[in-house]
Every structure is written in structure tokens, then in C-alpha cells.
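Participant: Sequence and predicted structure are below.
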Amino acid sequence: MCLGIPGKILTIYEDNGTKMAKIDFGGVTREACIEVIPEAKPGDWTIVHAGFALNLLSESDAEETLNILREMAELA
């Protein structure tokens, strides 16, 4: 099963012509390609899978997803 994880966009930049972002995942910062969400801006929440931001989501949807993931981890 593949899982997209919500993260908050910290900064946006370009790397060799590709639109990229630094994204915070609860204190862990990773880079992701944001080419498919050109409207993204710092402070937005996005779902990231395999280094690619897939779409934007509201902060409440991001928090709900993160809570579900925490509950799943507790059950495991």
C-alpha cells in the first residue's frame, strides 16, 4: 500500500527548471517537486508521495489525515 503524507510548504524554489519546495512533515523537512500544483505558495498544505506533491488541501483536512495516521501507528 502506498501512502501520501500531508506536509506544510515552507519555501518554493526552482532547481534546473523544475519547481520544487521544502516541506515540513512534523519537524522533518524534505524536498518535493511541485510542478503539478503551480498555484502552491509557502504556508499551503499538500499531499506528498514519492517526492512529488500531488495536490493542495486545507489545514483542517491535513490535520485530520495526520490524526488518522497517528491512530493507525498506535494500533500497530
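Facilitator: Structure received.
Participant: in the sheet, who's paired with the closest residue to Phe25 other than its chain neighbours?
Facilitator: In this structure, Phe25 finds its nearest non-sequential neighbour in Gly7, 4.5 Å apart by Cβ to Cβ, 6 or more residues apart in numbering. From N, CA and C alone the C-beta is placed, and that goes for glycine too. Under DSSP bridges, the beta-bridge partners of Gly7 are Thr46.
Participant: From what I see, Gly7 and Lys22 are in contact.
Facilitator: No - taking Cβ atoms under 8 Å as the definition, Gly7 is not a contact partner of Lys22, at 9.5 Å.
Participant: With neighbour numbers in mind, choose between those two.
Facilitator: Gly7 (24 against 16; other Cβ atoms under 10 Å).
Participant: Now do the contacts for the more buried one.
Facilitator: 23-25, 30, 32, 45-46, 48 (Cβ atoms under 8 Å, 6 or more residues apart in numbering).
Participant: follow-up on the earlier one: give me the common contacts of Gly7 and Lys22.
Facilitator: If you check Gly7 and Lys22 against Cβ under 8 Å, 6+ apart, the residues they both contact are Arg30.
Participant: what residue ranges in the protein score low on pLDDT?
Facilitator: 1-2 (pLDDT under 70).
Participant: Walking through it, point out its helices one by one.
Facilitator: 59-75 (DSSP state H).
Participant: Quick check: phi and psi on Ser58?
Facilitator: Main-chain dihedrals, Ser58, degrees, to the nearest 10: phi -70, psi 160.
Participant: Count the residues that sit near the residue nearest to it when sequence neighbours are not counted.
Facilitator: Of all residues beyond its chain neighbours, the one nearest Ser58 is Trp45 (6.9 Å), with distances taken as Cβ to Cβ, 6+ apart. Neighbourhood size, Trp45 [other Cβ under 10 Å]: 23.
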